[in-house]
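Asks: pasted the sequence and its predicted model underneath.
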Amino acid sequence: MASTAAFLPGYQIQATGAVACSTTITSTSTGSTSSSSKSSWASGSVRVAPRLTAKRQWSNFRFRGVPRSSSSSVDETGSGEEMEGKVRMVFDPKSNNPEPPPGWKEKEDERIAAMIEKEGISIRRRPETGPPLHNVGAFQFKLQNAGNTPRNILEEIIWSKDIEVTQMKERTPIGTLKRIVDSAERARDFVGALRERAAETGVPGLIAEVKKASPSRGIIQPNFDPVRIAKAYEAGGAACLSVLTDQKYFQGSFENLKLIRAAGVQCPLLCKEFIIDAWQLYNARASGADAVLLIAAVLPDQDLKYMSRIAKSLGLAVLIEVHTEREMDRVLALPTVELVGINNRNLENFQVDIQNTVRLLEGERGETIRDRGILVVGESGLFTPADVEVVQKAGCGAVLVGESLVKQDDPRTGIAGLFGKDISRVTSPSLENDSNESLICGRIGRNKYRAPG
Ligand SMILES: O=C(O)c1ccccc1NCC(=O)[C@H](O)[C@H](O)COP(=O)(O)O
C-alpha cells in the first residue's frame, strides 16, 4: 500500500475494521470515536494514510497483517491475514499543533528545500511521517509513503541508527560512559601517526579498514578475524586503523574495537560509525577509539561544530567526510578542521570515482587546504599503486582503504600491493608476543602515538 500522502501536523489516524478471523480492531486514538476494542494506536505513531485529508471522511483500507509476535515484516506482498476497514484522519487535541495552517505542506516543502539549498543536507534524520510499521492489538501492518521510505542507503542507515542509538542510550546512560572515559588511557595521536608514516614511507599515511561486509559489496571477507587483520595491518605498515562498528549494515561491532585495542595494537583507531548523537562520541571513546568520523552529508554545520568540539574535549581526532564540492566548502568554513576525508564513493548510489578526490582538491579549495595545513584523506575505491598516485598527486597525505586490503588472505601482502612497495614495519608491537608470527620485531615506543595535550 504505497502512497505519497503526507502527515498533517496535529492529526492522528483513526481506524476501524476487521481481520479475516473476525477480530475487531478499532482505534482509540483521540477518544472521539466509540471503540469496542482494547487495542489502541501508540500515541503519535500513526501519522499518514493514503489519500487522507483532514476532513472527517472515512477511506477504505485493506492491509495484510500478521501477529505482532511474527518476526517477518509486513507489506502488501507479505503473508498474513487480511484486514479491511475504514480509516480517517482526525484532529488530535493533545497535539501542540492545533490546526495545520493553510498551505502547511507547501511551507514544509519550502523549508526542506531551503535547508538543502543552504547546506546541501538531503539526508533526513528520521522518517517525516512516522514509522511505516504499526501495531494494532495483536496485528502489525505497514503504511508506506514517501515520508517514511528512505530515499537511499545512507538515509536508511541513519534512520536505523537513530532507533539504535535511542535504545543504546537507554541501556548505557552517558554518565556510565563518562566514568569509563575518565579512567581510560589517553587517546593516541591519530593525525600525528598519519603524518609521521607518510614522512617515513613517501606514500600517503594508510588508514586500513577492518571491515567484514558493506551494503555495496556484501560480505567482503568471510573468514573475518578482526584482531588478526588489525595486527597484520599494523605489521604491514598501516599508520592507523578504521574499525567498522555498525552491526546491521557492515557486520561490525564495538566489541571488535575493544578486542583490537585490548590485543595490544598500537595504531590509533578510528571508530567508523554513523554518528548523529553526542552520546556516540562518548561511546566511541569508552570503547577505545582515538578518532571518530563525522559525515557532512548527514550533519548540518551546527552539528559538525558541536560534535567536533565535544570529540576534541574527549581527546578524539575528527575525520570529517565530504563527497561534494559543496560539502567541502561547508567544512572549510568551519573554524577548526584538521582532517578531511574525500569519499570517492557516492553513499547515495554506491558509484565510485577516484577522480572525485581530484575534482575537490582543484583550484582555490586545494590552495585553502594547503594554506591551512589540513590533512586530506582519499577514501574508497583505491586498489592499485596508480590509484594511490592519483590521490597523492591531487594532495592527499593519507588514504583510507578497506576492500582491496581486507579481502586478501594476507593483508600485509595486500598493503605492499596497494603501494607497489613494502612499507611494513620492522617493528610490530602487537605481533611481538605471537609465537606463530615470524616477524622480526623491535618496538614502537609506547608513547609514540599518544595524542598531544
Ligand atoms: O561501502 C559501502 O557500501 C557504504 C555504504 C553506505 C555508507 C558507507 C559505505 N562505505 C563506507 C566507506 O566509504 C568505505 O568503507 C571506506 O571508504 C573504504 O572504502 P573501500 O576501500 O572502497 O572499501
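Replies: Received the coordinates, thanks.
Asks: let's verify the residue of the stretch 201-350 of the chain found nearest the ligand: helix, strand, or coil?
Replies: Nearest residue of the stretch 201-350 of the chain to the ligand: S216, at 3.1 Å (C-beta to the nearest ligand atom). Just so you know, the C-beta spots here come from the backbone N, C-alpha and C atoms, and that holds for glycine as well. The three-state label given to S216 by DSSP: H, G, I helix; E, B strand; the rest coil is coil.
Asks: that one contacts F350, doesn't it?
Replies: Yes - here S216 reaches F350: they are 4.2 Å apart, a contact under C-beta atoms under 8 Å.
Asks: need the overlap of contacts for the two.
Replies: Common neighbours of S216 and F350 (criterion: C-beta atoms under 8 Å, 6 or more residues apart in numbering): I153.
Asks: mind checking how far the residue of the stretch 201-350 of the chain closest to the ligand is from L154?
Replies: 11 Å (C-beta to C-beta, to the nearest Å).
Asks: before we move on, what about G192?
Replies: In terms of C-beta to C-beta, G192 sits 30 Å off from L154.
Asks: more crowded one of S216 and L154?
Replies: Set side by side, S216 and L154 show more neighbours around L154, with 21 against 16, by other C-beta atoms under 10 Å.
Asks: contacting residues for G202?
Replies: For G202, counting by C-beta under 8 Å, 6+ apart, there are no contacting residues.
Asks: right, is stretch 321-337 up against the ligand?
Replies: No - against the ligand, stretch 321-337 shows no contacts by C-beta under 6 Å from any ligand atom, the least distance being 7.8 Å.
Asks: that stretch spans what distance, first to last residue?
Replies: 11 Å (C-alpha to C-alpha, to the nearest Å).
Asks: equivalent analysis for stretch 148-156, please.
Replies: One end of stretch 148-156 sits 10 Å from the other (C-alpha to C-alpha).
Asks: give me the residues contacting it.
Replies: By C-beta under 8 Å, 6+ apart, stretch 148-156 touches 2, 48, 122-124, 127-132, 159, 215-216, 249, 295, 297-298, 347-350.
Asks: please indicate which of the residues you listed are buried?
Replies: 48, 123-124, 127-132, 159, 216, 249, 295, 297-298, 347 (16 or more other C-beta atoms under 10 Å).
Asks: in the stretch 301-450 of the chain, what residue lies closest to the ligand?
Replies: For the stretch 301-450 of the chain, C-beta to the nearest ligand atom, closest residue to the ligand: G402, 2.8 Å.
Asks: what residues are up against the residue of the stretch 201-350 of the chain closest to the ligand?
Replies: S216 sits in contact with I153, R345, F350, where contact means C-beta under 8 Å, 6+ apart.
Asks: same thing with N344?
Replies: Contacts for N344 were tallied using C-beta under 8 Å, 6+ apart; they are V352, D353, I354, N356, T357, G378, E379, S380, G381, L382.
Asks: buried residues, stretch 213-228. List them.
Replies: Result for stretch 213-228 [16+ other C-beta under 10 Å]: buried residues A213, S214, S216, I220, Q221, F224, P226, V227.
Asks: I'd like the residues you listed laid out as a markdown table, including pLDDT and secondary structure.
Replies: Below are the buried residues of stretch 213-228 laid out as a markdown table (pLDDT from 0 to 100; DSSP: H, G, I helix; E, B strand; the rest coil):
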| residue | pLDDT | secondary structure |
| --- | --- | --- |
| A213 | 97 | strand |
| S214 | 96 | strand |
| S216 | 93 | coil |
| I220 | 97 | coil |
| Q221 | 96 | coil |
| F224 | 97 | coil |
| P226 | 98 | helix |
| V227 | 98 | helix |
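Asks: mind listing what T245 touches?
Replies: G252, S253, F254, N256, L257, C271, K272, E273, A284, S287.
Asks: all strands of the stretch 251-400 of the chain, in order?
Replies: 269-272, 291-295, 317-322, 339-343, 375-379, 398-401 (DSSP state E, counting those that start in this stretch).
Asks: adding mean pLDDT, write the ones you listed out as a markdown table.
Replies: Shown next, in a markdown table, are the strands of the stretch 251-400 of the chain (pLDDT from 0 to 100):
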| stretch | mean pLDDT |
| --- | --- |
| strand 269-272 | 98 |
| strand 291-295 | 98 |
| strand 317-322 | 98 |
| strand 339-343 | 98 |
| strand 375-379 | 98 |
| strand 398-401 | 98 |
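Asks: mind checking these for the one nearest to V390?
Replies: strand 375-379 (8.2 Å; C-beta to C-beta).
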